[in-house]
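Visitor: Sequence and predicted structure are below.
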Amino acid sequence: MPAHAQTENSAASFPDGVTAPAYEVWGDVDVDPAGIFDDVPDADRAYWDRARAFGRDEVAPVIADYWNRADYPLHLGRRLGELDLLRDGVEIEGAEPMSTLAAGLVNMELSRADGSVGTICGVQAGLALRSIALCGTPEQIDTWVPKLSRAEVWGAFALTEPTHGSDSVSLETKATPVEGGYRLSGEKKWIGNASLGDTEEGGITVVWARVEGGEHDGNVRGFIVQQEWEGYRATTIENKLSLRAIWQAHIRMDNVFVPDSHVLERSSTFKDTARVLFATRLGVAWSAVGHATACYETAVQYAGQRTQFGRPLAASQIVQERLTRMQSELVSMQLMARQMTTRAEAGTLTPEQASLAKYTCTRAARRVAAEARDLLGGNGILLEHRVARHFADVEAIHTYEGTETVQALIIGRSITGHSAFAA
């Protein structure tokens, strides 16, 4: 870091002797003014409190440095496993139940601490672990799901390709049946956790590919690929502006042999992939709530501490109006996420409603982040003041798990009865 850089919540002494003011931006602010979470059950609140303490005590002191260096804080991922926060509501035999609401609150709190940390959970639990839990055999579930939930192995979910992002149905990665299994060839891009095969824990990547030949010819299936296998190469993508403290990779697979024991037997069409994505879309909405919460609480604290023209910013009418607008947006997001979660727990959440939650919450989070960045002035672009990281990271969640345009087309189809997706 530069010689003049601040550490979290400390003043920086510059070479010319001028000392910059220090601002406390991780303190407690009332972020539930409408009482939306007053009735959260005790069991769910226990998960929430644990995630909140982890973010405040373990993520906050170190994350700006990891983000600045584009380094992966693997120890934080391991701690998520130790704290039983790497399940995203997936039922695991022998583990305490984790409701959909508890999973949402954990997603919210982890993203409130940092977007990369929230994405670690989203990739490891929401995508990789859930894929095996939904589509795997009992043996595969017993082998991999507990390990993924405890961060004893890193998990990735490989669907997006260099030439097929939103048009994921057209994926080109192919799986050719051979004696004892399949051979996989193709490329994937933007795959979180896919380049962790050389870590102490090692990694697996759930690869979605189209079968060429055999009884499943033309179908999309899932394959558990161990990252150390011959023919699997993953290159960490550099120069990212968002989610800099988690590694995403470009994967190249050249005739990778996958034995039958690693084929997700309960995956046979793209609808199985969509089942996983449907379940995680609501989690992205909760992540957006977390980002907006961080930006809002930072803006409130900063406005109370920053003095301009002889008074705190908080005493200015325009600043109060901005904070009110941000609070209004935040409460609307909380209501949306809570209501859609209630429907999910009742089994009545539709794909269109999940898309509406993601579409609404990520758009609103962008607005809140922009307001907070502007309110902090020049200090708003410094990493130690939180908002800059969230401002950048919101751009990633706005895109992944289905872009704004894709969500709009799903919602628009339900409104009009006409599909506007290209044939």
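Guide: Ah, there it is.

Visitor: okay, now the domains of this protein?
Guide: The chain breaks down by automatic domain parsing into domains covering 42-149, 154-268, 271-416.

Visitor: Now render the ones you listed as JSON lines, adding distance to Asp30.
Guide: Glycine gets a C-beta too; all of them are placed from N, C-alpha and C. Below are the domains of the chain laid out as JSON lines (distance: least, CB to CB, whole Å):
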{"stretch": "domain 42-149", "distance to Asp30": "14"}
{"stretch": "domain 154-268", "distance to Asp30": "28"}
{"stretch": "domain 271-416", "distance to Asp30": "9"}
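
Visitor: Quick one, which of the ones you listed gets closest to Tyr23.
Guide: domain 271-416 (5.2 Å; CB to CB).

Visitor: now do the same end-to-end measure for the closest one.
Guide: 23 Å (CA to CA, to the nearest Å).

Visitor: gap between that domain and the chain center?
Guide: Relative to the centre of its chain, domain 271-416 is centred 13 Å away, using CA atoms, centre = their mean, to the nearest Å.

Visitor: how many neighbours does Ala408 have?
Guide: Neighbour count of Ala408, defined by other CB atoms under 10 Å: 15.

Visitor: what's the answer for the one 5 residues further on, then?
Guide: Using other CB under 10 Å as the criterion, Arg413 is surrounded by 15 other residues.

Visitor: got it, and Val40?
Guide: There are 18 residues near Val40, going by other CB under 10 Å.

Visitor: thinking again about what came up before, export the domains of the chain as JSON lines, with columns for distance to Val31 and mean pLDDT.
Guide: Converted to JSON lines, these look like this (distance: least, CB to CB, whole Å; pLDDT from 0 to 100):
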{"stretch": "domain 42-149", "distance to Val31": "9", "mean pLDDT": "96"}
{"stretch": "domain 154-268", "distance to Val31": "23", "mean pLDDT": "94"}
{"stretch": "domain 271-416", "distance to Val31": "5", "mean pLDDT": "94"}
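
Visitor: Among those, which comes closest to Gly35?
Guide: domain 271-416 (9.9 Å).

Visitor: Tell me how many other residues surround the closest residue to Glu297 other than its chain neighbours.
Guide: Spatial nearest neighbour of Glu297, chain neighbours left out: Val29 (4.0 Å); criterion: CB to CB, 6 or more residues apart in numbering. For Val29, the count of nearby residues is 16 (other CB under 10 Å).

Visitor: Longest helix in the protein, please.
Guide: Ordering each helix of the chain by length in residues (DSSP state H) puts helix 270-305 first.

Visitor: Can you work out which other helices and strands pack against it?
Guide: In terms of contacts (3 or more CB pairs under 8 Å, 6 or more residues apart in numbering; DSSP states H and E), helix 270-305 is packed against helix 100-113, helix 115-121, helix 130-135, strand 220-226, strand 311-312, helix 317-346, helix 351-375, helix 387-399.
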